[in-house]
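Trainee: Please find the sequence and the predicted model below.
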Amino acid sequence: MGHNEKKAYLEEIRLRYRKARNSLKAKILDEFCAVCNYHRKHAIRLLGASFRRIKPKTRKRGSRSTYGNPIIIGPLVKIWLATNQMCSKKLKAALSLWLPFYEVEYGQLSEEVKAKLLAISPATIDCLLKPSKVRHKRKGLCGTKPGSLLKNQIPIRTGNWDITKPGFCEADTVAHCGNSLSGEFVWSLTLTDIFSTWTENRAIWGKGSGDVLDKIKDIEEKLPFELLGFDCDNGSEFLNYHLIRYF
């Protein structure tokens with residue numbers, strides 16, 4: 001018997017159960033338990049339940065949120081952005097240090113607002129900053145542009161290097177461009193030996209292929225071991241004829 005059938009059967013038998021004498025109630029109860037496969041105590045509770053329609057619970061109106069006021073959220077968001085979007089637990093500890101600088105920049109806060117900001121919990125900070133985190137979500141900038149060389153012109157490594165000594169290195173570049181890749185700026189060229197983790201860094205203006213090659217030559221001359229393998233991504237600063245011819 002399905003749930004709806006059991007419910008309909010209960011409504012039919014409940015009134016008969018209540019009007020019956022005690023001796024007949026026991027028989028009705030036995031029948032109800034057998035038909036619906038209910039435990040006896042559970043069946044008694046169902047048959048004895050009131051017919052009154054239960055009113056849906058209404059949410060009680062309580063006091064407004066302490067921290068829902070824009071006067072609180074505004075300074076919190078500005079300080080969060082100024083701290084480079086610090087996590088809530090660190091921001092909680094940093095608020096007392098940053099509030100004086102906020103007031104210098106944006107004006108004096110009331111003692112009540114400052115007290116609430118200093119008393120706020122990390123969980124509440126996360127809740128209040130949720131819309132701002134979506135709006136100010138940081139997206140990494142990628143400065144890697146695929147090289148123009150065809151794949152069949154580049155030797156493909158089909159297995160891992162047998163790295164038991166220094167000389168097999170990974171190379172990569174990182175842009176120091178702030179929030180925009182437009183214009184010219186400095187790039188870091190980093191070369192790291194996989195076995196020893198020996199690392200060399202060079203600064204390059206503009207990431208031109210010729211400049212990258214010059215810096216790689218400079219690094220190779222100063223390495224305390226022979227360069228045996230060179231691994232890089234598919235950026236045009238690496239995948240070009242200058243570097244292919246050199247290696």
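Mentor: Looks like it came in fine. The shown structure was predicted, so the numbers you read here are calculated from the model rather than taken from an experiment.

Trainee: For this protein, which segments are assigned as strands?
Mentor: 168-176, 186-193, 199-205, 229-231 (DSSP state E).

Trainee: what's in contact with the shortest one?
Mentor: Applying Cβ atoms under 8 Å, 6 or more residues apart in numbering, the contact partners of strand 229-231 are 157, 161, 167-171, 247. The way it works is simple: take the backbone N, C-alpha and C, and place the C-beta from them, glycine included.

Trainee: and those residues, which are buried?
Mentor: Listed as buried from those are 167-169, 171; burial here means 16 or more other Cβ atoms under 10 Å.

Trainee: coming back round to it: dump the contacts of strand 229-231 into CSV; add distance to H39 as well.
Mentor: Putting the contacts of strand 229-231 into CSV (distance: Cβ to Cβ, whole Å) gives the following:
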residue, distance to H39
R157, 69
W161, 69
G167, 77
F168, 72
C169, 73
E170, 68
A171, 73
F247, 80
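
Trainee: Pick out whichever of these sits closest to L97.
Mentor: Checking the contacts of strand 229-231 against L97 by Cβ to Cβ gives E170 as the nearest, at 39.1 Å.

Trainee: how close does that closest one sit to L181?
Mentor: Separation of E170 from L181 (Cβ to Cβ, to the nearest Å) stands at 23 Å.

Trainee: Distance check, the closest residue to I71 other than its chain neighbours against L99.
Mentor: Using Cβ to Cβ, 6 or more residues apart in numbering and skipping residues adjacent in sequence, the residue nearest I71 is V113, 5.7 Å away. Per Cβ to Cβ, V113 is found 10 Å from L99.

Trainee: which neighbours do these two share?
Mentor: Counting by Cβ under 8 Å, 6+ apart, the residues touching both V113 and L99 are P75.

Trainee: mind listing what's buried in the lowest-mean-pLDDT helix or strand in the chain?
Mentor: Least confident helix or strand of the chain, by mean pLDDT, DSSP states H and E, is helix 3-19 with a mean of 77. For helix 3-19, a neighbour-count test (16+ other Cβ under 10 Å) marks 6, 10, 13-14, 17 as buried.

Trainee: Determine the set of other helices and strands touching the longest helix along the chain.
Mentor: In the chain, with assignment by DSSP state H, the single longest helix is helix 88-106. In terms of contacts (3 or more Cβ pairs under 8 Å, 6 or more residues apart in numbering; DSSP states H and E), helix 88-106 is packed against helix 70-82, helix 111-119, helix 122-135.

Trainee: okay if I get the contacts of strand 229-231 as JSON lines plus distance to E237 and pLDDT?
Mentor: Formatted as JSON lines, those follow (distance: Cβ to Cβ, whole Å; pLDDT from 0 to 100):
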{"residue": "R157", "distance to E237": "20", "pLDDT": "63"}
{"residue": "W161", "distance to E237": "22", "pLDDT": "73"}
{"residue": "G167", "distance to E237": "22", "pLDDT": "93"}
{"residue": "F168", "distance to E237": "20", "pLDDT": "93"}
{"residue": "C169", "distance to E237": "16", "pLDDT": "93"}
{"residue": "E170", "distance to E237": "14", "pLDDT": "93"}
{"residue": "A171", "distance to E237": "9", "pLDDT": "93"}
{"residue": "F247", "distance to E237": "14", "pLDDT": "87"}
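
Trainee: returning to what we had before: closest to I71 among the buried ones among the contacts of strand 229-231?
Mentor: A171 (51.6 Å).

Trainee: contacting residues for E184?
Mentor: Per Cβ under 8 Å, 6+ apart, neighbours of E184: 205-206.

Trainee: how far away is it from S88?
Mentor: 38 Å.

Trainee: Next: N160.
Mentor: N160 sits 41 Å away from S88, going by Cβ to Cβ.

Trainee: Kindly report the same for P122.
Mentor: Taken as Cβ to Cβ, the span from P122 to S88 is 4 Å.
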